[in-house]
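A.B. asks: Let's see this in three dimensions:
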Amino acid sequence: MEERREENVVNFDEVKKEAKKAMFKKRLSSFYESAKIKVMAVVEWGREHPAEVAGIVTGASVLAKSVSKHSQEMQEQRHRDREFFDHRTGKWCETKRKLTSREQVEAEARHQAGETWTQIFADMRLLK
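C.D. replies: Residues are numbered from 1 along each chain as shown. Below is the predicted model:
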């Protein structure tokens, strides 16, 4: 009798996992079906309105170019604010953050006195 009881034992954790997997698959297939219907509707509209599609594509490309250019300019600005080239050592050094006005004045004065950017920023604990 004891052997039969062991055979009939059900692990509820496994049952819950299987139920969750089945629900996930059902929802995912439902999502794919609704997305497919919407994409087909957009394609149909695009075939009926080629002039509007051309305008949308042109606008999207102009927007993408503008965003890309702005992103590149911001990256260059961060580079100018945080990286310094020391001509004495021939190396670049990068700070952890943008320097404050007071830190800039102090660093430039020390650099004019003969210290390297690396030494200055290491003393100020700003060297990355």
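A.B. asks: What's the local residue count around the residue nearest to Glu83 when sequence neighbours are not counted?
C.D. replies: Residue nearest to Glu83 in three dimensions, not counting chain neighbours: Glu94, with 4.9 Å by Cβ to Cβ, 6 or more residues apart in numbering. Any C-beta I mention is one placed from the backbone N, CA and C, and that applies to glycine too. Look at Glu94: counted by other Cβ atoms under 10 Å, it has 13 neighbours.
A.B. asks: distance of Glu94 from Lys17?
C.D. replies: Computed as Cβ to Cβ, to the nearest Å, the Glu94 to Lys17 distance reads 48 Å.
A.B. asks: Could you pick out the longest helix of the protein?
C.D. replies: helix 12-48 (DSSP state H).
A.B. asks: helix or strand right after that helix?
C.D. replies: helix 50-82 (DSSP states H and E).
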